[in-house]
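Colleague: Using only what follows, build the 3D model:
(2 chains)
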Amino acid sequence: MANFNMRTEKNPMPSQDPNVRNSNFLEVALGYTEEQALDEAQRCLHCKNHPCVSGCPVNVKIPEFIGKIVAKDYEGAYQVIHETSSLPAVCGRVCPQESQCEMHCVRGKKGDPVGIGRLERFVADWHNAHSTEAAAKPASNGHKVAIVGSGPAGLTCAGDLAKKGYEVTVFEALHLAGGVLVYGIPEFRLPKAIVQKEVDGLKAMGVKVETNTVVGRTITIDELMEENGFEAVFIGSGAGLPMFMHIPGENLKGVYSANEFLTRINLMKAYREDSDTPIMDLKGKKVAVVGGGNVAMDAARCSKRLGAEVWVVYRRGMEELPARHEEVEHAIEEGIIFKTLNNPVQINGDEQDCVKSMTCVEMELGEPDASGRRRPIEKKGSEFELPVDAVIMSLGTSPNPLIKSTTKGLEVNKKGGIIVNEDGLTSREGVYAGGDAVTGAATVILAMGAGKLGAKSIDEYLSNK
Amino acid sequence: MYRIVKKEALKPTVILYEIEAPMVAKKAQPGQFIILRVDENGERIPITIHDYDREKGTVTIIVQTVGATTEKLSHKQQGECLHDFVGPLGRPTETEGKKKVCVVGGGVGCAIAYPVLKKFHDCGAEVHAVVGFKNKDVVILEDKFKAVSSVLKVCTDDGSYGQKGLVTEALKELLDAGNVYDEIFAIGPMIMMKFVSKTTEPYGIPTTVSMSPIMIDGTGMCGGCRLTVGGETKFACVDGPDFDGHQVDWDLAVKRNQMYHDFEVHKHEEVCNLYKQEVK
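Modeller: Okay, here's the model as predicted:
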């Protein structure tokens, strides 16, 4: 371990050429080769305080797994990650490492931090390609736990509880498990086969997955606990209803919420010839995506792949874009045009009520607001018309009211998010919650962290009951 | 998988399917809907529930064969399974506390109007019914309607059966004859519900319509089913499907529902070609 690699740049990620990938749905980032992984792993100095670990919401033992890579013990590296993270192949792809583990890396002080996310992905992909060992089903401890939602929070919670011998059933409203990992994040960023593999792994551990079950409609939380013998419930039902701007023209034909647009593409595969689900034909059309988060980048890059010319319209500046840096870089490389410091004020339709343009106003940044970001202010008289055929609103979501309205005594905050204490416990005994259902739209890894906490708290609750 | 325990063609293109779905049957209420997918690459389509049998664990839907998905569905035989069937979705229709109501159904919408009408009847209301069809050949459920309504008007567009003309004309006759209703409930094609609402507006009678916009998940995630109601954006899947007919922005709702018309026609042709049959 003495041979550290002191190069200041991290190994670049091999990727599909931007002008090729912007017309296919295959994965953009191709992953490190073994040589690249070994070279990158040697950049880790194994410093004493390992600040990277505390930067990770699930505290993956980062230097330890990187050490295993250096020793070419890739399966060992996987096992180290898997101790604390249930979904390594997912996190290696979609985590915002630059604001988590890599932000704290000492190598980042003089040059690039170690490519921790890329190494995690290498290890997870190596495991998926080489490991033949099926996950063992632990002996049951006789306790039944219900999980609402099969997104990152629910899957993580299910995995952690199943490892401890709990009999876990995950209830999913859609026809496929994975939540936002299947309906939201596109194939080119997170291949669905990877998500399926994770779900299959949980099933091998004895987790039951009930799709087509809408908790709050098909069955309620009270029924799960009173009639079906579940002693604890974890709610990881996700973000909910898409938000709109409440500007004129928002319900015209050709205005989508990002959720609808992405669901048609990712879950329903509307871009494929063999899918029965329609989507607007965007070949040669102009699309405006409103918003600057990861979901906006996904919607923009999907639109590009469907053949459109794409603008991202965002009211703050490039610096303030909330999306992962890599997503923004990829979007720029793929030819997406950023119209930052612009805000829509009206969407205009033709005589058929189809979108024909969007009126925007220029913005400038004022004093920081409550969120600490500089407040965007309209420039008077700067309105202009952007000719577009479709508008995709990507402004975030507000929590789904379904579970709240059908669960006695479940308290929510002003915004509709479920209220939990530091253990993830809701106002109902035995009912825990985490992920976007609690925080509003956030990241996969934060949801996983909440799922982990939920599992730990449920285990403590049921062990002491 | 969700088995078709009974399939019955009420008319050549109007088919009743009784589906094994115990969890849905246990909870279903009049006015709610389900979402189904026929096969693995299938589209998710919302269909309002016609009937349910909690003991048998079945849910009955009546579907008109109009597009690719309903065409595929029509080729499924009794004993075969649907890939997905989820529900019950949406809020149940409010049927309590009404003394006298009129239910207006149009075409296959009558299949959905029936359970609502029956629930009004079971809740003790006096029920009048106006049902409209294109012609005699597509009249459905007349006996069922007759059994639970004190006045039943059957209309056909061409006069080949019952009263000639539109449901709005028959409804107007009932209103002008001095019938005072606590509520009018309309369900059928959007254009019919629009004109029922326009007809009742001058009489000031609360009018509820059951909306069936384009939808994907049906649980409040995608926002595809949004409508403008009373100037506000509402989601049919969680706020509806029932809305105040006098508040709905009808023109926009009708146009939004046409969004994928061309795709639908094309896909329907494809499916018909697959089964080597003519496009109806």
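
Colleague: Chain A contacts on the stretch 51-200 of chain B?
Modeller: B:A68, B:T69, B:K72, B:H83, B:D84, B:F85, B:V86, B:G87, B:P88, B:L89 (C-beta under 8 Å from any C-beta of the partner chain). Where C-beta positions appear, they are placed from N, C-alpha and C, glycine not excepted.

Colleague: what's the farthest-apart pair in those residues?
Modeller: B:A68 and B:P88 (24.7 Å; C-beta to C-beta).

Colleague: Select only the buried ones of the residues of the stretch 51-200 of chain B next to chain A in PyMOL?
Modeller: Listed next is the PyMOL selection for buried residues among these, using 16 or more other C-beta atoms under 10 Å in any protein chain shown:
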select buried, chain B and resi 68+69+72+84+85+86+87+88+89
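
Colleague: From the structure, what's the count of residues near A:Q16?
Modeller: 16 (other C-beta atoms under 10 Å in any protein chain shown).

Colleague: What sits closest to it if chain neighbours are left out?
Modeller: A:V28 (5.6 Å; C-beta to C-beta, 6 or more residues apart in numbering or on different chains).

Colleague: Next: A:K72.
Modeller: A:L38 (7.4 Å).

Colleague: Which helix or strand contains that neighbour?
Modeller: Element membership of A:L38, judged by DSSP states H and E, is helix A:34-41.

Colleague: List the buried residues in that helix.
Modeller: A:Q36, A:A37, A:L38, A:E40, A:A41.

Colleague: my guess is the first one meets A:N5, correct?
Modeller: Spelled out, that is A:Q36. No. Applying C-beta atoms under 8 Å, one finds A:Q36 not in contact with A:N5, separated by 11.4 Å.

Colleague: Which secondary structure elements does the lowest-mean-pLDDT helix or strand in chain A sit against?
Modeller: In chain A, the helix or strand scored least confidently by mean pLDDT, DSSP states H and E is strand A:397-398, which has a mean of 86. Strand A:397-398 sits against strand A:241-242, with contacts defined as 3 or more C-beta pairs under 8 Å, 6 or more residues apart in numbering or on different chains; DSSP states H and E.

Colleague: For the strand it packs on, name the packing helices and strands.
Modeller: Counting by 3+ C-beta pairs under 8 Å, 6+ apart, strand A:241-242 packs on helix A:258-262, strand A:397-398.

Colleague: does the helix or strand following the least confident helix or strand of chain A come close to chain B?
Modeller: Next along the chain after strand A:397-398, taking DSSP H and E as the criterion, comes helix A:402-406. Yes. Helix A:402-406 reaches chain B (C-beta under 8 Å from any C-beta) through A:L402.

Colleague: hey, C-alpha coordinates of helix A:402-406 in PDB?
Modeller: The C-alpha coordinates for helix A:402-406 follow below in PDB (Å, rounded to 0.1, in the frame of the first residue of the first chain):
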ATOM      1  CA  LEU A 402     -53.300   9.500   0.000                       C
ATOM      2  CA  ILE A 403     -51.600   7.900   3.000                       C
ATOM      3  CA  LYS A 404     -52.100  10.800   5.300                       C
ATOM      4  CA  SER A 405     -55.800  10.900   4.600                       C
ATOM      5  CA  THR A 406     -56.300   7.200   5.100                       C
END
